[in-house]
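Chemist: Please work out how this folds:
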Amino acid sequence: MRLELDYLKAETLLAEQGVRHSIVVFGGTRLPEPRTAHLRVASLEAQCAQAPDDEALADRLRIARRIAANSHYYEVARAFGRLVGEAEGSAGNRLALVTGGGPGLMEAANRGAYDKGARTVGLNITLPHEQYPNPYVTPGLCMRLRYFAIRKLHFLLRARALVVFPGGYGTLDELFETLTLIQTRKIEPLPVVLVGQTYWTRIFDADALVEEGMIAPEDRDLFWFAETAEEIWADILRWYDRAGKPLTP
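Modeler: Numbers count the residues shown, from 1 in each chain. Modelled structure (predicted):
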């Protein structure tokens, strides 16, 4: 019964709002906007200057600097959200940007759609340490689900593309599950775009999987890399043009 209620709540709300298609965006919750990231670095640098022999503090500074270096993806995600928000109207308000509803890069994407006055969906999840929805999700489309399985189902039921920014275990989970479903023909192919080639080739070496015989060469072509919001959106539109079908049928 709980599984059914978890499914029906989101399904009913999305249907009432006329959301038939979605662009799904995933990415790390720990990458804030650049200003916040750089302020954190400055604070830790000041602390390290006062305690130069504190190794734990030095490690925190090292990680903070890496987060600051990657924080530009927040602006890329926000810019992409704006592009999806602009497309919503031309799609007859049947298209919406969907994220996990949390902070970081998902907040950035929701924020971009919000900038354009578009509806934006957040499929949040109940966790031991509560993850509160970001403030840019449309109130009527902000949902907290109990089960990861139902959440994953709703991510893909309407998905017309999956855009994956740098992230951790949760981001990798959604990426690999989607690639597996496409590879095994459990769902129809859809564009899968990994944003930030430098990051992703360090985390995930698909060419090595091909060389080791663990995936077929054509499985390497189930995704591609992009760097800017404009490139992501153009690639998605190009994919549908080559497939001979509309983005929002």
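Chemist: what separates Ala234 from Ile215, distance-wise?
Modeler: Plainly put, Ala234 is 27 Å away from Ile215 if you go by Cβ to Cβ, to the nearest Å. C-beta coordinates here come from the backbone N, C-alpha and C atoms, glycine included.
Chemist: Which of those two has more residues huddled nearby?
Modeler: A direct count of neighbours by other Cβ atoms under 10 Å for Ala234 and Ile215 places Ile215 higher, at 17 against 13.
Chemist: Check for me that the more buried one belongs to a helix.
Modeler: No - assessed with DSSP: H, G, I helix; E, B strand; the rest coil, Ile215 is coil; it does not lie in a helix.
Chemist: can you pull the contacts of it?
Modeler: When contacts are counted by Cβ atoms under 8 Å, 6 or more residues apart in numbering, Ile215 touches 183, 206, 209.
Chemist: please redo it, this time with the cut-off set to 7 Å
Modeler: For Ile215, the contacting residues are Leu209, by Cβ atoms under 7 Å, 6 or more residues apart in numbering.
Chemist: Stretch 113-123: which residues count as buried?
Modeler: The neighbour-count check on stretch 113-123 (16 or more other Cβ atoms under 10 Å) flags 113-116, 118-123 as buried.
Chemist: Equivalent analysis for stretch 36-45, please.
Modeler: By 16+ other Cβ under 10 Å, the buried positions in stretch 36-45 come out as 37-38, 40-41, 44.
Chemist: export the helix or strand containing Glu86 as PDB, just CAs?
Modeler: Using DSSP states H and E, the element containing Glu86 is helix 72-90. Taking Å, rounded to 0.1, in the frame of the first residue of the first chain, the C-alpha atoms of helix 72-90 are listed here in PDB:
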ATOM      1  CA  HIS A  72      31.400  26.800 -12.000                       C
ATOM      2  CA  TYR A  73      29.100  23.900 -12.800                       C
ATOM      3  CA  TYR A  74      26.500  25.600 -10.700                       C
ATOM      4  CA  GLU A  75      26.300  28.400 -13.200                       C
ATOM      5  CA  VAL A  76      26.200  25.900 -16.100                       C
ATOM      6  CA  ALA A  77      23.300  24.000 -14.500                       C
ATOM      7  CA  ARG A  78      21.500  27.200 -13.900                       C
ATOM      8  CA  ALA A  79      22.000  28.400 -17.500                       C
ATOM      9  CA  PHE A  80      20.700  25.000 -18.700                       C
ATOM     10  CA  GLY A  81      17.700  25.300 -16.500                       C
ATOM     11  CA  ARG A  82      16.900  28.600 -18.100                       C
ATOM     12  CA  LEU A  83      17.000  27.000 -21.600                       C
ATOM     13  CA  VAL A  84      14.600  24.300 -20.500                       C
ATOM     14  CA  GLY A  85      12.400  26.900 -18.900                       C
ATOM     15  CA  GLU A  86      12.300  28.900 -22.100                       C
ATOM     16  CA  ALA A  87      11.300  25.700 -24.000                       C
ATOM     17  CA  GLU A  88       8.400  24.900 -21.700                       C
ATOM     18  CA  GLY A  89       6.100  27.400 -23.300                       C
ATOM     19  CA  SER A  90       6.900  26.400 -26.800                       C
END
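Chemist: which helices and strands does that helix pack with?
Modeler: On a contact count with 3 or more Cβ pairs under 7 Å, 6 or more residues apart in numbering; DSSP states H and E, helix 72-90 meets helix 34-50, strand 95-99, helix 105-115, helix 229-243.
Chemist: Pick the one among the buried residues of stretch 113-123 closest to Lys9.
Modeler: Nearest to Lys9 among these: Leu123, at 10.7 Å, using Cβ to Cβ.
Chemist: can you pull the buried residues of stretch 207-215?
Modeler: Ile215.
Chemist: Over to stretch 13-28?
Modeler: Neighbour counts using 16+ other Cβ under 10 Å place 14, 17, 19-28 of stretch 13-28 among the buried residues.
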